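> Structural data only, the sequence is not supplied:
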C-alpha cells in the first residue's frame, strides 16, 4: 500500500510539474518543434508560399551544391567567423581585464561598454552606414585629423568585410560582462601564491587568469560561433544586395532572399538545414576541443 501511495504521489507531482510548464511546452511545440519539422519536409518540396507544396525529392539538395552563390556566401561567412570571433575574444578579454581594475568611474565605464549591445541591430546598421560614409562619416573624419585619407568603406570590395568585422565589435559588451563575472570569481589566493613564487604580470595572466576564466571563454566562443554563422540584420541594412562584388553577402542573407525575395521557400529550407548542420558540427568541435583548454574548478 505504501509503495502504491508513493507511486501515486510521484505521478501527481509529475502531472503538477507538467501543468506548470505547459505554457512553455505549448510555445516550444508551436513556435520551434513544428516549424523545424515543417522546414525539413519543405526542403524536399517546391513551395512558393501560396500554392500547395509539390514534392520534388532531392532536387533542392542537388541544386544547392551546384549553386555558385552558395559557395560564395559560405566563404564570406567563414571568413567573417574566422576574423570576428578571435578578434572579439581577445578584445573582450582585454576590456574585461581593464574594467576589472580599481579605476575611477568603474561602474560608469562598464555601463558605457555594455550599452551598445542593447541597441536593435537594424538601428546599429543604419548608424554604421553613416559612420562608414566616405565623405561625411565620423571614421574618415577622424582619420583625416591625423592626415590619413580613409577608404570608401561601403563601395570598395576589399573593405566590405573589414567594415562588417568592425561593426561586429560594437556589440562586444555582452561578452565583456561574462568575462568580468569570471574574473571576479578567480580566488585571490591564487594570485598571492603566484606572486610569492615570483610570477610576473604576464605569467599570472597566462597561468592563472586565463585558465580560471576558460569556462567563460568557452561559453562566449560557443555563443559567438552560433551568432557569426547567423549574421544578418546589420550587414543587410549596410550592404543591400551584398555590397561590392557581393563580398558582404552572408549565408543568412542568401536564405532570406531565397525565401522572401524569390519565394523559393523549399530551397530556403534546404539552405537553412545546411546552416544548422554546419553550426552543430562547429559546436561539436568546440566541445571536443574544450577538454584540452577549459579548466573547471575542482575538476
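Sure thing, it's come through. Not measured: the values here are computed from a predicted model.
> Surely residue 184 and residue 97 touch.
No - Residue 184 is beyond contact range of residue 97, at 11.7 Å (criterion: CB atoms under 8 Å). Where C-beta positions appear, they are placed from N, C-alpha and C, glycine not excepted.
> of these two, who's got more company?
Looking at residue 184 and residue 97 with other CB atoms under 10 Å, you find the greater number of neighbours at residue 97, namely 16 against 10.
> contacting residues around that one?
In this structure, residue 97 makes contact with 183, 205, 209, judged by CB atoms under 8 Å, 6 or more residues apart in numbering.
> can you rerun that using 10 Å?
176, 179, 180, 183, 205, 209, 213 (CB atoms under 10 Å, 6 or more residues apart in numbering).
> May I ask which two of those are separated the most?
Using CB to CB, the two most remote members of the contacts of residue 97 are 176 and 205, lying 16.6 Å apart.
> who's more crowded, those two?
When residue 176 and residue 205 are compared for neighbours, residue 176 comes out ahead with 25 against 13, by other CB under 10 Å.
> pretty sure that one contacts residue 113?
Yes - using CB atoms under 10 Å, residue 176 is in contact with residue 113, at 5.5 Å.
> So for the protein, the centremost residue is which one?
residue 227 (1.7 Å; CA atoms, centre = their mean).
> before we move on, the earlier item: what is in contact with residue 176 and residue 113 at once?
Common contact partners of residue 176 and residue 113 (CB under 10 Å, 6+ apart): 92, 95, 96, 98, 99.
> Including pLDDT, distance to residue 243 and secondary structure, could the contacts of residue 97 go into JSON lines?
Below are the contacts of residue 97 laid out as JSON lines (pLDDT from 0 to 100; distance: CB to CB, whole Å; DSSP: H, G, I helix; E, B strand; the rest coil):
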{"residue": "176", "pLDDT": "94", "distance to residue 243": "29", "secondary structure": "helix"}
{"residue": "179", "pLDDT": "95", "distance to residue 243": "32", "secondary structure": "helix"}
{"residue": "180", "pLDDT": "93", "distance to residue 243": "35", "secondary structure": "helix"}
{"residue": "183", "pLDDT": "91", "distance to residue 243": "38", "secondary structure": "helix"}
{"residue": "205", "pLDDT": "87", "distance to residue 243": "38", "secondary structure": "helix"}
{"residue": "209", "pLDDT": "89", "distance to residue 243": "39", "secondary structure": "helix"}
{"residue": "213", "pLDDT": "93", "distance to residue 243": "36", "secondary structure": "coil"}
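> Save these as TSV, and put in distance to residue 258 too.
Shown next, in TSV, are the contacts of residue 97 (distance: CB to CB, whole Å):
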residue	distance to residue 258
176	36
179	37
180	40
183	43
205	46
209	45
213	41
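> Just the buried residues of those.
176, 179, 180, 183, 209, 213 (16 or more other CB atoms under 10 Å).
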